[in-house]
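S.K.: could you work out the structure for the sequence below:
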Amino acid sequence: MAAWQPRIGRLIPKAQHIPLFPKVIARSKPVSPLIVAYGFGGMIVVGTILLLLPFATSSGQSAGLLTALFTATSAVCVTGLIVVDTGKYWSPFGQGVILVLIQLGGLGFMTSSTLLFLLLGRRITLRERMLIGGAVGSEHSPGGMVRLVRRIILLTLAIEAAGVVYLVWRFSAFPRATALWQGVFHSVSAFNNSGFSLFSDSLTGYQLDVSTLMALAVLIILGGISYTLLADVARFRRFRRLTVDSRIVLVSTVVLLAIGTLFILLAEAANPGTLGPMTWPHKVANAFFHAVMPRTAGFNSLNVASFMQPTLFFNMILMFIGAASGSTGGGIKVNTVGILVAATVSTLRGRPRPEAFGRELVEEQLHRALLLVALGLGAVFGVAFALSLVDNHTFVEQLFESFSAFGTVGLSMGITPTLSVAGQLLIIITMFVGRLGPLTLALSLTQRRQVVRYRYAKEAVKIG
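M.R.: Numbers count the residues shown, from 1 in each chain. Modelled structure (predicted):
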């Protein structure tokens with residue numbers, strides 16, 4: 001009698017129709033990245049309405065719609081560009097609204113909304129967990145998203161609290177209540193890379209107070225390198241054990257800060273309008289501070305309008321690059337630039353594929369990085385050209401303003417309050433696009449990824 005053998009050919013087709021996770025598959029539809037845009041837009045609308053209230057201004061009169069809209073957009077997009085003096089024009093209520101918008105905008109809509117859901121006891125769905133992961137730049141499994149958000153919020157509050165304690169001590173010359181409010185406002189503003197200040201001249205009055213400048217710089221750097229990097233460092237502590245993404249962010253940040261400090265120091269050391277009158281220790285401190293600021297913070301201890309032309313151009317480059325993915329900062333992100341630099345070095349070494357730190361990078365990410373840079377440059381120069389049509393400022397001033405708005409930085413050559421209505425509307429749109437553009441584009445491209453079952457024949461094109 002022949003041994004019985006299973007009829008594999010009939011069993012396999014039936015097994016292919018067995019749904020392993022029927023409920024998950026039925027509910028895990030693609031999540032539109034526009035939800036994030038709608039969320040930020042909603043916060044801007046609410047912030048505008050609150051800032052339009054008469055008691056939001058120190059004069060008791062309602063702010064104009066454009067002023068309220070510009071300020072709310074700048075706060076939610078953690079930019080820091082202003083059309084009115086934050087400390088004098090807005091009442092304590094108005095300043096409080098701005099502070100809340102900065103905090104929510106820095107955390108990001110999905111993180112902030114998740115916090116609200118948790119406080120209300122609402123269950124976070126699988127689709128929302130997946131979108132949160134994309135919004136904070138994390139590759140954690142959906143099951144760990146809520147825990148990740150809790151840790152982000154706790155770490156944010158802990159760092160900001162430490163900043164408050166130190167800054168309140170530094171502002172002790174003010175009355176106690178004023179010092180406390182100044183410390184809270186500037187700590188939250190610095191960590192969230194917004195650049196809003198209650199001082200009319202930003203921090204130019206503290207350009208010789210090295211400890212205050214360094215405290216704010218540390219808050220800005222911590223907010224600009226992302227929670228995932230901080231968690232990675234806390235977990236492994238050794239550089240070689242960090243993920244490639246974390247190593248790219250760390251190396252890029254250190255290199256950009258070092259080059260920025262050296263460049264500003266050399267270019268502005270003899271400039272009587274900036275570093276010229278200072279002693280060398282103060283020159284170094286202020287040069288470092290202004291190398292940190294274009295990382296999307298926006299405070300200034302020096303008069304930006306007095307910078308030399310090379311310094312202005314270098315600041316535009318730093319503003320365009322910005323901070324790290326998943327951080328409170330903007331720009332195209334140092335991760336993007338890191339991938340492009342790694343690909344360039346690999347090509348110069350004759351390597352067939354991009355590599356970094358002993359790992360091969362995903363070529364698809366290289367294509368996305370190139371797309372992001374191209375679209376970003378197109379947006380910035382397009383806005384600068386549009387500004388040149390509606391306003392009469394110099395093109396350098398308009399280009400600087402465009403880079404600052406797109407990178408959500410907040411540095412300005414002083415032309416923001418003098419822009420026309422059309423010019424301010426252009427900056428509002430640019431801030432919104434700069435804050436959401438890279439994130440929305442990344443989420444959109446991830447969901448639109450297609451499986452191609454064929455390839456065209458290759459043909460070379462002459463370059464160079």
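S.K.: low-scoring stretches of the stretch 201-350 of the chain, by residue?
M.R.: Within the stretch 201-350 of the chain, no stretch has pLDDT under 70.
S.K.: now do the helices in it.
M.R.: 210-224, 227-236, 244-268, 280-292, 309-321, 334-348 (DSSP state H, counting those that start in this stretch).
S.K.: in the third one, what's buried?
M.R.: Looking back up the chat, that one is helix 244-268. Within helix 244-268, the residues that qualify as buried are 244-253, 256-257, 260-261, 263-265, 267-268, counting by 16 or more other CB atoms under 10 Å. In this view, the C-beta of every residue, glycine as well, is placed from N, C-alpha and C.
S.K.: which other helices and strands contact that helix?
M.R.: Identification of packing neighbours for helix 244-268 by 3 or more CB pairs under 8 Å, 6 or more residues apart in numbering; DSSP states H and E yields helix 210-224, helix 227-236, helix 280-292, helix 309-321, helix 334-348, strand 355-356.
S.K.: circling back to that earlier point, which of the helices of the stretch 201-350 of the chain sits closest to residue 391?
M.R.: Among these, the nearest to residue 391 by CB to CB is helix 309-321 (17.7 Å).
S.K.: what residues does the closest one touch?
M.R.: Contact with helix 309-321 is made by 256, 260, 263-264, 267-268, 290-291, 294-296, 304, 307, 331-334, 337, 376-377, 380, 396, 399-400, 403-404, 406-407, 409, 411, 413, as judged by CB atoms under 8 Å, 6 or more residues apart in numbering.
S.K.: from those residues, which would you call buried?
M.R.: By the neighbour-count criterion of 16+ other CB under 10 Å, the contacts of helix 309-321 include these buried positions: 256, 260, 263-264, 267-268, 290-291, 294-296, 304, 307, 331-334, 337, 376, 380, 399-400, 403-404, 406-407, 409, 411, 413.
S.K.: dump stretch 416-426 to PDB, restricted to CA.
M.R.: C-alpha atoms of stretch 416-426 as PDB (Å, rounded to 0.1, in the frame of the first residue of the first chain):
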ATOM      1  CA  THR A 416       8.500  91.900   8.600                       C
ATOM      2  CA  PRO A 417       6.300  94.700  10.200                       C
ATOM      3  CA  THR A 418       6.700  96.900   7.100                       C
ATOM      4  CA  LEU A 419       5.600  94.200   4.600                       C
ATOM      5  CA  SER A 420       2.400  95.000   2.700                       C
ATOM      6  CA  VAL A 421      -0.800  93.000   3.200                       C
ATOM      7  CA  ALA A 422       0.100  90.800   0.300                       C
ATOM      8  CA  GLY A 423       3.700  90.400   1.600                       C
ATOM      9  CA  GLN A 424       2.500  89.300   5.000                       C
ATOM     10  CA  LEU A 425       0.000  86.900   3.500                       C
ATOM     11  CA  LEU A 426       2.900  85.300   1.500                       C
END
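S.K.: how far does that stretch sit from the chain's center?
M.R.: On the basis of CA atoms, centre = their mean, to the nearest Å, stretch 416-426 sits 23 Å off its chain's mean C-alpha point.
S.K.: go on, stretch 355-370?
M.R.: Averaging C-alpha coordinates over stretch 355-370 and over its chain gives two centres that are 21 Å apart (CA atoms, centre = their mean).
S.K.: quick one: mean pLDDT over it.
M.R.: In this model, stretch 355-370 carries a mean pLDDT of 87.
S.K.: show me where the chain has strands.
M.R.: Under the criterion DSSP state E, the chain carries strands at the ranges 355-356, 359-360.
S.K.: among these, which comes closest to residue 163?
M.R.: Taking CB to CB as the measure, the strands of the chain were each checked against residue 163, and strand 355-356 came out nearest at 32.8 Å.
S.K.: direction included, what does the closest one pair up with?
M.R.: The sheet places strand 355-356 alongside strand 359-360 (antiparallel), with pairing taken from DSSP bridges.
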